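**Q** please find the sequence and the predicted model below.
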Amino acid sequence: MPKHDTPLLDELEKGPWPSFVTDIKRQAATKPECWDILGQLELSFKDRITHWKHGGIVGVFGYGGGIVGRYSDVPDRFPGVAHFHTVRLNQPSGMYYSTSKLRAICSLWEKYGSGMTNMHGSTGDLVLLGTTTPNLEPLFYELTHDLNQDLGGSGSNLRTPSCCLGKSRCEWSCVDTQALCYSLTMRYQDEIHRPAFPYKFKFKFSGCPNDCVASIARSDLSVIGTWRDDIRIDQDAVKKYVSGDYKANAGAHGTRDWGKFSINKEVINLCPTKCMWMEGETLKIDNAECTRCMHCINVMPRALRPGLDQGATVLVGAKAPILDGAQFATMIVPFMKMDAENDFQEIVDFIENLWDWWMEHGKNRERVGESIQRVGLPTFLKVLNIEPLPQHIREPRSNPYVFWESEEVEGGFDRDVREFRKRHKQ
Amino acid sequence: MGYDPQNPMADRITDIGPPHYEEQMPPVIRANFGKWMYHEITQPGVLVHVSETGAECYTVRVGSARLISIELIREMCDVADKHCDGHLRFTTRNNVEFMVDSKAKVQPLLDDLASREGRFPVGGTGAGVTNIVHTQGWIHCHTPATDASGVVKAVMDEVFEHFISMEMPAQVRIALACCLNMCGAVHASDIAILGVHRKPPMIDHDAITGLCELPLAIASCPLGAIKPAKATNEKGEEVKSVQVNAAKCMFCGNCYTMCPAMPLADPEGDGIAILVGGKVSNAKSAPKFSKLVIPFLPNTTPRWPETTAVVKKIIEVYSKDAHKYERVGEWAERIGWEKFFEKCDIPFTIKSIDDYRLAYTTWRTTTQFKFTSHIK
Ligand code: HEM
Ligand code: HEM
Ligand code: HEM
Ligand code: SF4
Ligand code: SF4
Ligand code: SF4
Ligand code: SF4
């Protein structure tokens, strides 16, 4: 395949951040179709518009998801990217890899694809970028037989679940996010690979309210670890922070001089609930008032730790703006135990109830958050059999337009206007 | 035996799911699973996690483009084989993490990374700018209003010094999505770069009957801007098609997603909007949406100078002005958005006043405001 002139893209080889252009050029030495990737992209830079065609459904037998079709609208000029389909591989929870596994994936992709990848897509999958239709079945065969690995999801199905690295390397994780993510991914293989929903559905699991996978912003079901008892305090370590022996915020402000650490200024006064104070050298927390925001723990990780009665808060319905505007997930279950011993049965029951309702009542291309908006949170709580709690709201409603049902009002809605007229003349 | 095209269903394996996560974890991570006591960032890009067993895990975090080649992945594997017993991981923001089990192994690893011609910059931790999460753009998607990898490269070059240091008041998360679908979830980022269209869809009357289901195309519009209409195709025949009420269209592109005969991308019409002040974490304040502060910047290829200048300006003003631990959105709310516009030299336009649904909640309903240069 011929090299193309890429004067615009060449500008992106300058500067300190690693350049994908330089990288693609290096790859082109063994995968010449990479020249066509650069050629078409250069044309987009010149025309300031995409040169990918809309749509084209492709896949492997028996699967409705995992592969996204893509075709060039200038295939004669860039035959190497005439077909340029994406293959999504289901990533291991926490995205740890052994080099032997990664190298095997690279070899597979050298054989069947363009050599370019996304590590990783926003949804979490390991994304192999650019292959042709005839390559899909052999690739899938080798992927499952030789690499013992599977595709992720795409389309109106359960998207590949993802999680923060959790207990594997974070001291704050209140749930084993990886075990949870893996268990539900295995349980719902059918929902991942065969679209059956009104629209996409995403699970994301974070071990604590810092929410490193952004689950509250972009998943239909968001599980965020939390605790119910008291924050654990090591008072000696508190003293060491006060005296400056330990670096505040785990050293995260390391390259700027912010002056001496002040526990009042940096922790106590920033606590959103003002539930902390010092008594002499002892740090006190009124845990009943704490909303477990993580700030104090973030700032003094060696002195403070989440409590031991751990579980998760379950939220539903986040999405990006299209169609009805952006939504964060709404808090639905304040505290649920996440029990690996019984295969996370409690959250499984919750999910299946939720799906039963959504599959029946969700409209085509309506995310569950939009379905809930449409019917209202009270209706949603009723159908899921969840008791209304003051925790469900930020504040009570400010309008009095309450919907009463006939059964709820003494005497019901049925009245006789003639009887009424006997007493109240027109 | 490999794949047999004559007999595609033979020996088929399906639904085996991902590899179990434990298989590929470094030994020190496996051995101390759930036992971590605390962590510290010893220098930008280097974390140490300390276990209750006394074990330590040092992590070196390295920036990378999200779009990477297998050649580069193999080079990462070389590094991991040499220093990390053959293990590495990727972060949710497309950084690469190399982990070692003793302090002595850190410097040789850093030296090795430094020797590789800038391909592995170390940083992205703590109160700084980490890697930009982003979407596909012109390299792979059919609906983008801007490129992704190119813009991200230009912006990361511009803010690179904040990737390799931790001089910000708090962490700054930048995200880019190349259209309103927002695969990159930019609606909750400190600084969001968003591809936007500004022209309503064209209608390809020659193709629409064959390509699209008209009722679906009509139903796809959240604003009800599309209605059925008769039209004349190139051959002069009357065909069933649709018509778009341009006054109602907000250029979301959803119709194009449902119906390829309604393209709306355009070199002059397309560009970038900047949103500011979102966050995901629940720490201190609740998660916040990003707010639109600049409705449009042009797609000036190859390096988007207008966009990089704005991002850099916001970061620098914020860095000087905000309190320690204050995220961009918390800072803007403390000083007031009117001050934010003034301090960042961003012209205020009527486009930052919401006129979509539920807009009222964003209008000011108090006499409390600050006098700024906006009030003449
Ligand atoms: C949620 C129910 C409502 C509440 C809480 C409410 C409350 C109020 C309040 C506090 C005022 C201002 C009174 C004052 O400052 O002197 C007001 C004014 C008014 N309301 Fe309502 N109202 C409600 C429903 C309605 C409805 C349903 C209508 C008509 C169909 C209505 C028509 C008016 C009118 C015409 C005024 C006078 C406006 C003016 O001259 O400035 N209100 N209402
Ligand atoms: C022990 C301390 C922490 C660890 C080990 C940790 C770990 C991580 C990791 C591995 C990522 C992906 C990072 C990347 O790709 O660059 C991440 C992202 C993130 N972290 Fe943390 N984090 C910690 C503390 C915090 C704190 C204190 C906050 C907030 C106050 C926070 C909020 C976030 C957010 C919002 C993201 C971005 C998620 C996304 O948009 O993808 N993290 N964290
Ligand atoms: C035909 C239409 C669409 C296509 C082709 C498409 C494609 C994609 C792709 C390729 C990704 C992964 C991106 C990556 O690799 O980083 C993705 C993720 C995503 N998409 Fe879409 N998308 C479409 C429609 C939508 C719509 C309508 C929405 C919003 C309602 C949406 C919201 C998202 C979000 C929020 C993500 C990131 C999800 C996450 O990180 O979990 N997409 N989409
Ligand atoms: S969400 Fe919490 S538990 Fe998970 S990695 Fe982030 S800080 Fe750790
Ligand atoms: S977790 Fe948050 S609310 Fe609770 S004590 Fe700490 S700073 Fe206060
Ligand atoms: S944000 Fe839009 S243009 Fe970008 S990858 Fe997602 S769907 Fe495509
Ligand atoms: S771009 Fe969006 S608002 Fe405009 S016609 Fe299409 S669907 Fe409707």
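**A** Perfect, I can see it now. Numbering: from 1, shown residues only, chains lettered A, B, ... in the order given. Ligands and ions are numbered 1, 2, ... in the order given.
**Q** surely residue A:182 touches residue B:19?
**A** No. Using C-beta atoms under 8 Å, residue A:182 makes no contact with residue B:19, being 9.5 Å away. Any C-beta I mention is one placed from the backbone N, CA and C, and that applies to glycine too.
**Q** can you get me a residue count around residue 320?
**A** Going with chain A. Neighbour count of residue A:320, defined by other C-beta atoms under 10 Å in any protein chain shown: 21.
**Q** chain B, not that one
**A** As a burial measure, residue B:320 scores 9 neighbours (other C-beta under 10 Å).
**Q** repeat that for the one 5 residues further on.
**A** Here the count is done by other C-beta under 10 Å, and residue B:325 has 24 residues near it.
**Q** tell me the contacts of the residue nearest to it when sequence neighbours are not counted?
**A** In space, and not counting its chain neighbours, residue B:325 is closest to residue B:170: 5.4 Å by C-beta to C-beta, 6 or more residues apart in numbering or on different chains. Applying C-beta atoms under 8 Å, 6 or more residues apart in numbering or on different chains, we find residue B:170 in contact with B:127, B:322, B:324-327.
**Q** then residue A:63?
**A** Counting by C-beta under 8 Å, 6+ apart, residue A:63 touches A:151, A:193-194, B:14.
**Q** same check on residue B:195?
**A** By C-beta under 8 Å, 6+ apart, residue B:195 lies in contact with B:137, B:144-146, B:176-179, B:270-272.
**Q** same deal with residue A:61?
**A** So residue A:61 contacts A:137, B:8-9, B:12 (C-beta under 8 Å, 6+ apart).
**Q** for the chain, what's the longest helix?
**A** Using chain A. Secondary structure of chain A read by DSSP state H shows that its longest helix is helix A:345-361.
**Q** that's the wrong chain, I wanted chain B
**A** Identified as the longest helix of chain B according to DSSP H is helix B:305-321.
**Q** for the stretch 1-150 of chain B, which residue gets nearest to ligand 6?
**A** Using C-beta to the nearest ligand atom, residue B:141 is the residue of the stretch 1-150 of chain B that sits closest to ligand 6, at 3.1 Å.
**Q** quick check, pLDDT for that residue.
**A** Looking at residue B:141, its pLDDT is 89.
**Q** picking up where we left off before, intersection of neighbour lists for residue A:182 and residue B:19?
**A** Common neighbours of residue A:182 and residue B:19, counting by C-beta under 8 Å, 6+ apart, are absent.
**Q** and the contacts of the helix or strand where residue A:45 lies?
**A** Under the criterion of DSSP states H and E, residue A:45 resides in helix A:33-47. Contact partners of helix A:33-47, identified using C-beta under 8 Å, 6+ apart, comprise A:1-9, A:21, A:24-25, A:27-28, A:50-51, A:72, A:74, A:77-81, A:84, A:114-116, A:130, B:69, B:138-139, B:147, B:150, B:267, B:301-302.
**Q** of these, which belong to helices?
**A** Within the contacts of helix A:33-47, residues falling in helices by DSSP H are A:7-9, A:21, A:24-25, A:27-28, B:150.
**Q** tell me the one among those residues nearest to residue A:102.
**A** residue A:27 (15.6 Å; C-beta to C-beta).
**Q** number of nearby residues for the closest one?
**A** 24.
**Q** that one against residue A:115, yeah?
**A** Yes. At 4.8 Å, residue A:27 and residue A:115 qualify as touching, with contact defined as C-beta under 8 Å.
**Q** mind listing the shared neighbours of those two?
**A** Counting by C-beta under 8 Å, 6+ apart, the contacts common to residue A:27 and residue A:115 are A:34, B:69-71.
**Q** residues touching the residue of chain A found nearest ligand 3, list them.
**A** Here the residue of chain A nearest ligand 3 is residue A:121; by C-beta to the nearest ligand atom that distance is 2.7 Å. Applying C-beta under 8 Å, 6+ apart to residue A:121 gives the contacts A:88, A:127, B:183.
**Q** can you report how many residues neighbour the last one?
**A** When you say that, I think you mean residue B:183. Residue B:183 has 20 neighbours, counted by other C-beta under 10 Å.
**Q** how close does the closest residue to ligand 3 within chain B sit to ligand 2?
**A** Proximity of chain B to ligand 3 (C-beta to the nearest ligand atom) peaks at residue B:183, 3.2 Å away. The gap separating residue B:183 from ligand 2 is 13 Å, by C-beta to the nearest ligand atom, to the nearest Å.
**Q** residue B:250 now?
**A** Distance, residue B:250 to ligand 2, using C-beta to the nearest ligand atom: 26 Å.
**Q** measure the closest residue to that residue other than its chain neighbours to residue B:363 for me?
**A** In this structure, residue B:250 finds its nearest non-sequential neighbour in residue B:223, 6.0 Å apart by C-beta to C-beta, 6+ apart. Distance, residue B:223 to residue B:363, by C-beta to C-beta, to the nearest Å: 21 Å.
**Q** so for these two, which sits in the more crowded spot?
**A** Using other C-beta under 10 Å as the criterion, residue B:223 and residue B:363 rank with residue B:223 on top: 16 against 8.
**Q** which SSE is the more buried one in?
**A** Secondary structure from DSSP H and E places residue B:223 outside every helix and strand.
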